[in-house]
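Chemist: Prediction below, plus the sequence it came from.
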Amino acid sequence: MTQNIEKFTSIGHSTQRGQYDAISKKLIQENPEDWIKFGLGMADVDFLQILETEQPTVKSNRADSFLLANVNEKESVIHFEIQTRDSTENPMPQRMAGYIGRCIESFGLPIYSHVIYLHPDAGRNDPGRYIQELGDYRIEIRYKVIRLCELDGQYILDAKLKGLIPFTPLMKPTADVSSEDWLRQCVKVASSVTHNEQHQADYLTNLGIISGILLEYEIIREIIMEETMQESTVIQHFIQQGISQGISQGISQGISQGIREATIEAILEVLEVHFESDSVQTLKPILDTIEDIQQLKYLLREAARANSLDEFKLILPE
(Lines give C-alpha, C1' and ligand atoms only; values in the text may rest on other atoms or scores of the structure.)
Protein backbone atom coordinates (compact mmCIF):
# COMPACT_ATOMS: atom_id res chain seq x y z
CA MET A 1 0.00 0.00 0.00
CA THR A 2 2.83 2.42 0.87
CA GLN A 3 4.44 1.88 -2.54
CA ASN A 4 1.12 2.55 -4.26
CA ILE A 5 0.66 5.81 -2.33
CA GLU A 6 4.16 6.93 -3.31
CA LYS A 7 3.45 6.05 -6.95
CA PHE A 8 0.11 7.89 -7.07
CA THR A 9 1.41 11.32 -6.11
CA SER A 10 -1.04 14.33 -7.14
CA ILE A 11 -3.06 15.12 -10.21
CA GLY A 12 -1.54 18.51 -11.15
CA HIS A 13 -2.85 21.56 -12.97
CA SER A 14 -0.64 23.69 -15.18
CA THR A 15 -2.29 26.94 -14.04
CA GLN A 16 -2.42 28.35 -10.53
CA ARG A 17 -5.53 27.26 -8.68
CA GLY A 18 -8.11 29.81 -7.59
CA GLN A 19 -8.74 30.90 -4.06
CA TYR A 20 -11.90 28.80 -3.66
CA ASP A 21 -10.09 25.60 -4.65
CA ALA A 22 -7.18 26.31 -2.33
CA ILE A 23 -9.40 27.06 0.67
CA SER A 24 -11.68 24.09 0.01
CA LYS A 25 -8.77 21.67 -0.15
CA LYS A 26 -7.30 23.12 3.05
CA LEU A 27 -10.60 22.75 4.92
CA ILE A 28 -11.06 19.17 3.73
CA GLN A 29 -7.57 18.15 4.74
CA GLU A 30 -7.80 19.88 8.12
CA ASN A 31 -11.13 18.17 8.93
CA PRO A 32 -11.15 14.89 6.98
CA GLU A 33 -13.45 13.05 9.41
CA ASP A 34 -16.22 15.62 8.93
CA TRP A 35 -15.97 15.40 5.15
CA ILE A 36 -15.85 11.62 4.98
CA LYS A 37 -18.91 11.19 7.19
CA PHE A 38 -20.71 13.96 5.30
CA GLY A 39 -19.94 12.48 1.87
CA LEU A 40 -20.73 8.88 2.76
CA GLY A 41 -23.61 9.66 5.12
CA MET A 42 -22.43 7.12 7.66
CA ALA A 43 -20.72 7.12 11.04
CA ASP A 44 -18.83 3.81 10.77
CA VAL A 45 -15.78 5.39 9.16
CA ASP A 46 -12.23 5.73 10.51
CA PHE A 47 -9.95 8.24 8.82
CA LEU A 48 -6.42 6.92 8.27
CA GLN A 49 -4.42 9.48 6.26
CA ILE A 50 -4.42 12.13 3.55
CA LEU A 51 -3.17 10.92 0.19
CA GLU A 52 -1.10 13.66 -1.43
CA THR A 53 -1.94 12.73 -5.00
CA GLU A 54 -0.20 14.12 -8.04
CA GLN A 55 -0.21 12.44 -11.40
CA PRO A 56 -0.15 14.19 -14.81
CA THR A 57 -3.10 13.65 -17.11
CA VAL A 58 -3.61 14.33 -20.80
CA LYS A 59 -5.30 17.66 -20.03
CA SER A 60 -3.29 18.34 -16.85
CA ASN A 61 -6.42 18.43 -14.72
CA ARG A 62 -6.23 18.25 -10.95
CA ALA A 63 -8.18 16.22 -8.46
CA ASP A 64 -8.57 17.96 -5.15
CA SER A 65 -8.50 15.60 -2.17
CA PHE A 66 -7.96 11.88 -1.73
CA LEU A 67 -8.34 10.46 1.77
CA LEU A 68 -7.60 6.96 3.00
CA ALA A 69 -10.16 5.56 5.46
CA ASN A 70 -11.66 2.38 6.85
CA VAL A 71 -15.25 2.15 5.64
CA ASN A 72 -17.20 -0.71 7.22
CA GLU A 73 -13.84 -2.12 8.31
CA LYS A 74 -12.50 -2.10 4.75
CA GLU A 75 -9.64 0.16 3.62
CA SER A 76 -10.99 2.59 0.99
CA VAL A 77 -10.17 5.84 -0.84
CA ILE A 78 -12.51 8.82 -0.43
CA HIS A 79 -12.25 11.39 -3.24
CA PHE A 80 -13.60 14.96 -3.23
CA GLU A 81 -13.43 17.09 -6.38
CA ILE A 82 -14.28 20.77 -5.79
CA GLN A 83 -15.91 22.69 -8.67
CA THR A 84 -16.83 26.36 -8.39
CA ARG A 85 -18.67 26.24 -11.72
CA ASP A 86 -19.32 23.67 -14.42
CA SER A 87 -16.42 22.08 -16.25
CA THR A 88 -17.06 22.93 -19.90
CA GLU A 89 -13.96 22.08 -21.93
CA ASN A 90 -13.61 18.67 -20.28
CA PRO A 91 -17.02 17.27 -19.28
CA MET A 92 -17.08 16.27 -15.62
CA PRO A 93 -18.09 12.62 -16.29
CA GLN A 94 -15.01 12.21 -18.50
CA ARG A 95 -12.75 13.82 -15.90
CA MET A 96 -14.16 11.73 -13.07
CA ALA A 97 -13.78 8.52 -15.08
CA GLY A 98 -10.10 9.38 -15.46
CA TYR A 99 -9.58 10.16 -11.77
CA ILE A 100 -11.42 7.05 -10.61
CA GLY A 101 -9.73 4.76 -13.12
CA ARG A 102 -6.23 5.89 -12.15
CA CYS A 103 -7.09 5.57 -8.48
CA ILE A 104 -8.29 1.99 -8.96
CA GLU A 105 -5.16 1.14 -10.94
CA SER A 106 -2.81 2.70 -8.39
CA PHE A 107 -4.40 1.57 -5.13
CA GLY A 108 -6.57 -1.42 -5.98
CA LEU A 109 -9.03 -0.23 -3.33
CA PRO A 110 -12.72 0.70 -3.34
CA ILE A 111 -13.18 4.40 -4.13
CA TYR A 112 -16.00 6.69 -3.01
CA SER A 113 -15.91 9.66 -5.36
CA HIS A 114 -17.74 13.01 -4.99
CA VAL A 115 -18.03 16.26 -6.94
CA ILE A 116 -18.86 19.29 -4.76
CA TYR A 117 -20.35 22.22 -6.69
CA LEU A 118 -20.01 25.57 -4.94
CA HIS A 119 -21.94 27.96 -7.19
CA PRO A 120 -25.74 27.50 -7.22
CA ASP A 121 -25.83 27.49 -11.04
CA ALA A 122 -23.26 24.70 -11.30
CA GLY A 123 -23.78 20.95 -11.46
CA ARG A 124 -27.40 20.99 -12.59
CA ASN A 125 -26.67 18.81 -15.59
CA ASP A 126 -24.01 16.57 -14.09
CA PRO A 127 -25.44 13.03 -14.41
CA GLY A 128 -23.11 11.56 -11.78
CA ARG A 129 -21.90 8.85 -14.12
CA TYR A 130 -19.76 8.12 -17.17
CA ILE A 131 -21.25 5.59 -19.58
CA GLN A 132 -19.90 4.05 -22.78
CA GLU A 133 -22.32 1.89 -24.78
CA LEU A 134 -20.44 -0.16 -27.40
CA GLY A 135 -22.01 -3.61 -27.45
CA ASP A 136 -19.91 -5.89 -25.31
CA TYR A 137 -17.58 -2.97 -24.47
CA ARG A 138 -19.81 -1.28 -21.96
CA ILE A 139 -18.27 0.97 -19.29
CA GLU A 140 -20.12 2.62 -16.44
CA ILE A 141 -18.51 4.69 -13.66
CA ARG A 142 -20.66 6.41 -11.03
CA TYR A 143 -19.88 9.16 -8.54
CA LYS A 144 -21.91 11.30 -6.14
CA VAL A 145 -22.90 14.84 -7.19
CA ILE A 146 -23.33 17.30 -4.31
CA ARG A 147 -24.66 20.81 -5.00
CA LEU A 148 -24.24 22.92 -1.87
CA CYS A 149 -27.26 25.09 -2.68
CA GLU A 150 -29.49 22.03 -2.25
CA LEU A 151 -28.19 21.11 1.21
CA ASP A 152 -29.81 22.01 4.53
CA GLY A 153 -27.31 24.46 5.97
CA GLN A 154 -28.99 24.50 9.37
CA TYR A 155 -28.23 20.81 9.79
CA ILE A 156 -24.51 21.50 9.29
CA LEU A 157 -24.63 24.39 11.78
CA ASP A 158 -26.52 22.35 14.38
CA ALA A 159 -24.10 19.43 13.99
CA LYS A 160 -21.18 21.89 14.22
CA LEU A 161 -19.24 20.11 11.50
CA LYS A 162 -16.19 22.32 11.58
CA GLY A 163 -14.91 21.26 8.18
CA LEU A 164 -18.17 22.26 6.48
CA ILE A 165 -19.32 25.37 8.38
CA PRO A 166 -17.32 27.77 6.14
CA PHE A 167 -19.43 26.46 3.23
CA THR A 168 -22.83 26.96 4.92
CA PRO A 169 -23.36 30.47 3.42
CA LEU A 170 -23.66 28.66 0.06
CA MET A 171 -26.22 26.19 1.41
CA LYS A 172 -29.97 26.43 1.78
CA PRO A 173 -30.89 28.77 4.67
CA THR A 174 -33.82 28.35 7.00
CA ALA A 175 -37.15 29.57 5.64
CA ASP A 176 -37.68 33.33 5.20
CA VAL A 177 -34.10 34.21 6.16
CA SER A 178 -32.27 36.72 3.93
CA SER A 179 -28.81 35.88 2.61
CA GLU A 180 -27.29 38.55 4.87
CA ASP A 181 -29.01 37.23 8.02
CA TRP A 182 -28.09 33.70 7.04
CA LEU A 183 -24.44 34.76 6.78
CA ARG A 184 -24.70 36.26 10.27
CA GLN A 185 -25.97 32.95 11.62
CA CYS A 186 -23.16 31.08 9.91
CA VAL A 187 -20.54 33.48 11.26
CA LYS A 188 -21.96 33.19 14.79
CA VAL A 189 -21.65 29.39 14.76
CA ALA A 190 -18.22 29.56 13.10
CA SER A 191 -17.01 31.83 15.89
CA SER A 192 -18.30 29.39 18.51
CA VAL A 193 -16.33 26.41 17.20
CA THR A 194 -12.96 28.22 17.18
CA HIS A 195 -11.32 29.30 20.41
CA ASN A 196 -7.80 30.34 19.49
CA GLU A 197 -7.90 34.02 18.39
CA GLN A 198 -5.59 33.58 15.39
CA HIS A 199 -7.30 30.37 14.30
CA GLN A 200 -10.67 32.09 14.53
CA ALA A 201 -9.41 34.93 12.31
CA ASP A 202 -8.22 32.46 9.68
CA TYR A 203 -11.38 30.38 9.91
CA LEU A 204 -13.71 33.37 9.50
CA THR A 205 -11.62 34.69 6.63
CA ASN A 206 -12.02 31.36 4.83
CA LEU A 207 -15.76 31.57 5.41
CA GLY A 208 -15.79 35.14 4.13
CA ILE A 209 -13.88 34.35 0.95
CA ILE A 210 -16.12 31.39 0.14
CA SER A 211 -19.18 33.58 0.80
CA GLY A 212 -17.91 35.86 -1.97
CA ILE A 213 -19.25 33.36 -4.49
CA LEU A 214 -22.74 34.68 -3.66
CA LEU A 215 -22.41 37.92 -1.68
CA GLU A 216 -20.77 41.28 -2.28
CA TYR A 217 -17.58 41.80 -0.30
CA GLU A 218 -18.97 44.98 1.28
CA ILE A 219 -21.64 42.89 3.00
CA ILE A 220 -19.13 40.25 4.04
CA ARG A 221 -16.80 42.86 5.51
CA GLU A 222 -19.67 44.41 7.41
CA ILE A 223 -20.63 41.09 8.99
CA ILE A 224 -17.13 39.72 9.54
CA MET A 225 -15.14 42.36 11.40
CA GLU A 226 -12.54 44.12 9.26
CA GLU A 227 -10.06 43.84 12.12
CA THR A 228 -10.47 40.07 12.16
CA MET A 229 -9.84 39.74 8.45
CA GLN A 230 -6.86 42.10 8.56
CA GLU A 231 -5.16 39.96 11.21
CA SER A 232 -5.69 36.72 9.34
CA THR A 233 -2.66 34.79 8.13
CA VAL A 234 -4.88 33.49 5.32
CA ILE A 235 -5.08 36.99 3.85
CA GLN A 236 -1.29 37.31 4.12
CA HIS A 237 -0.91 34.03 2.28
CA PHE A 238 -3.13 35.18 -0.56
CA ILE A 239 -1.26 38.48 -0.79
CA GLN A 240 2.01 36.57 -1.25
CA GLN A 241 0.45 34.25 -3.84
CA GLY A 242 -1.26 37.09 -5.67
CA ILE A 243 -4.61 35.28 -5.43
CA SER A 244 -6.64 37.46 -3.09
CA GLN A 245 -5.07 40.84 -3.68
CA GLY A 246 -8.48 42.39 -4.29
CA ILE A 247 -9.75 41.47 -0.83
CA SER A 248 -6.61 42.73 0.88
CA GLN A 249 -6.65 46.02 -1.00
CA GLY A 250 -10.35 46.40 -0.29
CA ILE A 251 -9.59 46.32 3.42
CA SER A 252 -6.53 48.58 3.37
CA GLN A 253 -7.20 50.97 0.49
CA GLY A 254 -10.95 51.29 0.31
CA ILE A 255 -13.99 49.40 -0.84
CA SER A 256 -13.97 50.49 -4.50
CA GLN A 257 -10.44 49.34 -5.19
CA GLY A 258 -11.16 46.10 -3.36
CA ILE A 259 -14.21 45.37 -5.52
CA ARG A 260 -12.21 46.15 -8.67
CA GLU A 261 -9.35 43.81 -7.81
CA ALA A 262 -11.69 41.07 -6.59
CA THR A 263 -13.69 41.30 -9.83
CA ILE A 264 -10.53 40.96 -11.94
CA GLU A 265 -9.52 37.87 -9.99
CA ALA A 266 -13.05 36.47 -10.39
CA ILE A 267 -12.88 36.96 -14.19
CA LEU A 268 -9.58 35.10 -14.37
CA GLU A 269 -10.86 32.31 -12.16
CA VAL A 270 -14.04 31.83 -14.23
CA LEU A 271 -11.96 31.67 -17.41
CA GLU A 272 -9.55 29.16 -15.87
CA VAL A 273 -12.39 26.92 -14.74
CA HIS A 274 -14.16 27.27 -18.09
CA PHE A 275 -11.25 26.72 -20.46
CA GLU A 276 -8.33 25.33 -18.40
CA SER A 277 -5.88 27.29 -20.55
CA ASP A 278 -2.35 28.37 -19.66
CA SER A 279 -2.94 31.67 -21.46
CA VAL A 280 -5.68 32.95 -19.13
CA GLN A 281 -3.22 34.75 -16.85
CA THR A 282 -1.81 36.66 -19.84
CA LEU A 283 -5.08 38.62 -19.86
CA LYS A 284 -4.46 40.08 -16.39
CA PRO A 285 -2.37 43.08 -17.62
CA ILE A 286 -5.23 44.03 -19.95
CA LEU A 287 -7.82 43.72 -17.18
CA ASP A 288 -5.62 45.75 -14.84
CA THR A 289 -5.93 48.73 -17.18
CA ILE A 290 -9.71 48.84 -16.73
CA GLU A 291 -10.78 51.22 -13.94
CA ASP A 292 -14.55 51.07 -14.54
CA ILE A 293 -16.04 48.54 -12.11
CA GLN A 294 -19.24 48.24 -14.14
CA GLN A 295 -17.23 47.30 -17.22
CA LEU A 296 -15.38 44.66 -15.19
CA LYS A 297 -18.68 43.27 -13.89
CA TYR A 298 -19.89 43.07 -17.50
CA LEU A 299 -16.73 41.17 -18.45
CA LEU A 300 -17.30 38.80 -15.52
CA ARG A 301 -20.76 37.95 -16.84
CA GLU A 302 -19.40 37.48 -20.36
CA ALA A 303 -16.59 35.25 -19.08
CA ALA A 304 -19.23 32.84 -17.76
CA ARG A 305 -21.11 32.90 -21.10
CA ALA A 306 -18.21 32.72 -23.57
CA ASN A 307 -17.90 29.59 -25.68
CA SER A 308 -14.13 29.93 -26.01
CA LEU A 309 -11.25 32.00 -24.69
CA ASP A 310 -10.77 33.57 -28.13
CA GLU A 311 -14.41 34.66 -28.12
CA PHE A 312 -13.92 36.38 -24.77
CA LYS A 313 -10.75 38.14 -25.98
CA LEU A 314 -12.78 39.83 -28.73
CA ILE A 315 -14.65 42.00 -26.21
CA LEU A 316 -11.52 43.14 -24.35
CA PRO A 317 -10.19 46.65 -24.92
CA GLU A 318 -7.26 46.90 -27.29
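Modeler: Thanks, I have the structure now.
Chemist: use CA for all of it now, contacts and neighbours both
Modeler: Fine.
Chemist: where in this structure is pLDDT low?
Modeler: 1-18, 43, 52-63, 197-198, 225-258, 274, 276 (pLDDT under 70).
Chemist: all strands of it, in order?
Modeler: Under the criterion DSSP state E, strands of the chain are mapped to 45-51, 65-71, 74-83, 111-117, 129-132, 139-142, 144-147.
Chemist: Against which helices or strands is the last one packed?
Modeler: In other words, strand 144-147. strand 111-117 (3 or more Cα pairs under 8 Å, 6 or more residues apart in numbering; DSSP states H and E).
Chemist: circling back to that earlier point, mean neighbour count and distance to residue 260 for the strands of the chain - can I get that in TSV?
Modeler: Formatted as TSV, the strands of the chain follow (neighbours: other Cα atoms under 10 Å; distance: least, Cα to Cα, whole Å):
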stretch	mean neighbour count	distance to residue 260
strand 45-51	17	37
strand 65-71	22	31
strand 74-83	21	24
strand 111-117	21	25
strand 129-132	15	39
strand 139-142	14	41
strand 144-147	19	28
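Chemist: which one of the ones you listed lies closest to residue 307?
Modeler: For the strands of the chain, the distance to residue 307 is smallest for strand 74-83, at 18.5 Å, taking Cα to Cα.
Chemist: Grab the longest helix from the chain for me.
Modeler: Secondary structure of the chain read by DSSP state H shows that its longest helix is helix 255-275.
Chemist: what's the domain layout of the protein?
Modeler: Segmentation of the chain into domains, based on automatic domain parsing, reads 2-150, 153-313.
Chemist: Just give me how far the longest one sits from the chain centre.
Modeler: To tie it back to what came earlier, the one meant is domain 153-313. Offset of domain 153-313 from its chain centre (Cα atoms, centre = their mean, to the nearest Å): 11 Å.
Chemist: Next, the distance between the ends of that domain.
Modeler: In domain 153-313, first residue to last residue: 39 Å (Cα to Cα, to the nearest Å).
Chemist: and residue 30, how many residues sit next to it?
Modeler: 14 (other Cα atoms under 10 Å).
Chemist: Verify the contact between it and residue 161 for me.
Modeler: No. If you go by Cα atoms under 8 Å, residue 30 and residue 161 don't touch, sitting 11.9 Å apart.
Chemist: Near residue 72, how many residues? Count them for me, please.
Modeler: Count around residue 72 with other Cα under 10 Å applied: 12.
Chemist: The nearest residue to it once chain neighbours are set aside: how many residues sit nearby?
Modeler: With Cα to Cα, 6 or more residues apart in numbering as the criterion, residue 72 has its nearest non-adjacent residue at 6.0 Å, and that residue is residue 44. When neighbours are counted by other Cα under 10 Å, residue 44 registers 11.
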